[in-house]
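Novice: below are the sequence and a predicted model; questions follow.
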Amino acid sequence: MTTQTDPSPRTSAAGGDGSRERAPQAGRPWAIVAGREVVVRLTNRAFLVSTLITLVFIVGIGAFSAWQSGRTSTATVAVTSQDAGRLVSTAAAAAKAADSSTEIEATTLSSEAAARSALTAGDADAWLHQGSNGSWVLTSTDTPGGSVQTALADAVRSEALSANAAAAGTSVEAIERGTVLATERLDGAEDNTGAIRLATLAFALLFFMAAMLFGQQIAASVVEEKQSRLVEIIATAIPLRELLAGKVLGNSLLALGQVILYGAVGLVAVSFTDLSGLLPGLSAAVVWFVVFFAVGFFALACLFAVAGALASRTEDLQSTTSPMTMVLMLVYVIGFTVTGTALKIASFVPIMSVVAMPGRILSGEAAWWEPVVALLLMLAFAAVTVVVGERIYRRSLMQTRGKMSWREGLKASDA
């Protein structure tokens, strides 16, 4: 009788990464896991619907802004004298030259009573007339529009200055000489503070939404596999570090793809608004945001996976993911509220720099080397996070003694 030996190789019963006996696998296990994560998300109806809704929201904001910028309203001003009519004509010409979204037109009425009736009936938006002391008065049923009031005030002021200058035997230019305060930036750029704050807010909101959505999905996926003991079967086939790498890479690619999609659609939407002049600087800021997001989310994804491994059931996730949630909330708030030196410091702090540095790039405050240094710091942080996170993940994933703290996970021994 001959004894046959099993030709199939076997691995050790307890590997250094916390896995049990495994059968040999062809290919790269992490790539298989990553592919599965991508397919599961892309075939999830809730994920697709939420992505579509966000895209519609971005396009809607762009369409509304474009419509508002191209929308022109007409303000009708009642007049009862030639002098008032001349002032309204001057204001209308000035508003048109300034490319205002409001057009001003005069309607001549025969008496003050007719003007009051026109205001009451809504046939006129305002009534320009002289008061008892000879000064001009703009009467309306409600506060007149800012652009209308400004244009008429400038017209009244200009005519009064001309009359006073003629009476004094001089010119308007001589009277106004040295009375105008001009403003400029040291770098010669236009002041777009409002638009920059809006873009920084968009960066903060986009980072917060993507990190929370995909981070919580990673944590939920890990704890579900642990709670159902499916991970014990998976661990016999592939190393746990390969499982972690696949989950993190797969979800990171999805998150990055979604952010790139949102950013591209947002830039196209901006091109149809009055902010189209900011596109060169905004495009550069978006590119840097995508780069910082890719590195920062990779580190956060690893931490969310660890949070799932520390939990023993789905109900534990609120506790184990709270550190990341607090950090994301802090980044969201600080990203668009701090200014000056505090913002400069935040732009070099890992995770916070995902939002703070692109905002400084857009405003022109960052030198060329600053985003490079901030990115290197982010890479160093991500490397440390992945090393430490992988160790806690391996040591806590196979534990079945209930929820573990982050300190307990770091001190636990390999299973």
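Specialist: Right, received. Where do you want to start? Residues are numbered from 1 along each chain as shown.
Novice: check the secondary structure at residue 103 for me.
Specialist: Put simply, residue 103 is strand when judged by DSSP: H, G, I helix; E, B strand; the rest coil.
Novice: what's the closest non-adjacent residue to it?
Specialist: Nearest residue to residue 103 in three dimensions, chain neighbours excluded: residue 74, at 4.7 Å (CB to CB, 6 or more residues apart in numbering). C-beta: built from backbone N, CA, C; applies to glycine.
Novice: distance of that neighbour from residue 124?
Specialist: Using CB to CB, to the nearest Å, residue 74 is found at 11 Å from residue 124.
Novice: more crowded one of these two?
Specialist: residue 124 (25 against 9; other CB atoms under 10 Å).
Novice: all strands for this structure, in order.
Specialist: Here the chain has its strands, by DSSP state E, at 73-79, 102-108, 126-130, 136-139.
Novice: please identify the buried residues of the last one?
Specialist: The one in question is strand 136-139. 136, 139 (16 or more other CB atoms under 10 Å).
Novice: stretch 236-250 too?
Specialist: Buried residues in stretch 236-250, counted by 16+ other CB under 10 Å: 237-250.
Novice: distance from the chain centre to it, please.
Specialist: Put simply, stretch 236-250 sits 31 Å off its chain's centre (CA atoms, centre = their mean, to the nearest Å).
Novice: and for stretch 273-287?
Specialist: 13 Å.
Novice: look up how far residue 247 lies from residue 225.
Specialist: Residue 225 is 10 Å from residue 247, by CB to CB.
Novice: which residue is the nearest non-sequential neighbour of residue 410?
Specialist: Residue 410 sits nearest to residue 392 (CB to CB, 6+ apart), 5.3 Å away.
Novice: tell me the contacts of that neighbour?
Specialist: Contact analysis of residue 392 by CB atoms under 8 Å, 6 or more residues apart in numbering lists 306, 309-310, 406, 409-410.
Novice: just give me the closest of the residues you listed to residue 397.
Specialist: Using CB to CB, residue 309 comes nearest to residue 397 of these, at 4.2 Å.
Novice: so that closest one touches residue 408, yeah?
Specialist: No: counting by CB atoms under 8 Å, residue 408 is not a contact partner of residue 309; they are 11.6 Å apart.
Novice: more crowded one of these two?
Specialist: residue 309 (28 against 15).
Novice: tell me the contacts of that one?
Specialist: 222-223, 226, 392-393, 396-397, 409.
Novice: looking at this protein, which helix or strand is least sure?
Specialist: Using mean pLDDT, DSSP states H and E, helix 172-176 stands out as the lowest-scoring helix or strand of the chain, at a mean of 73.
Novice: please parse this protein into its domains.
Specialist: According to automatic domain parsing, the chain comprises the domains 29-63+190-411, 74-171.
Novice: okay, those domains in a markdown table with mean pLDDT and distance to residue 177 next?
Specialist: Converted to a markdown table, these look like this (pLDDT from 0 to 100; distance: least, CB to CB, whole Å):
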| stretch | mean pLDDT | distance to residue 177 |
| --- | --- | --- |
| domain 29-63+190-411 | 88 | 26 |
| domain 74-171 | 81 | 9 |
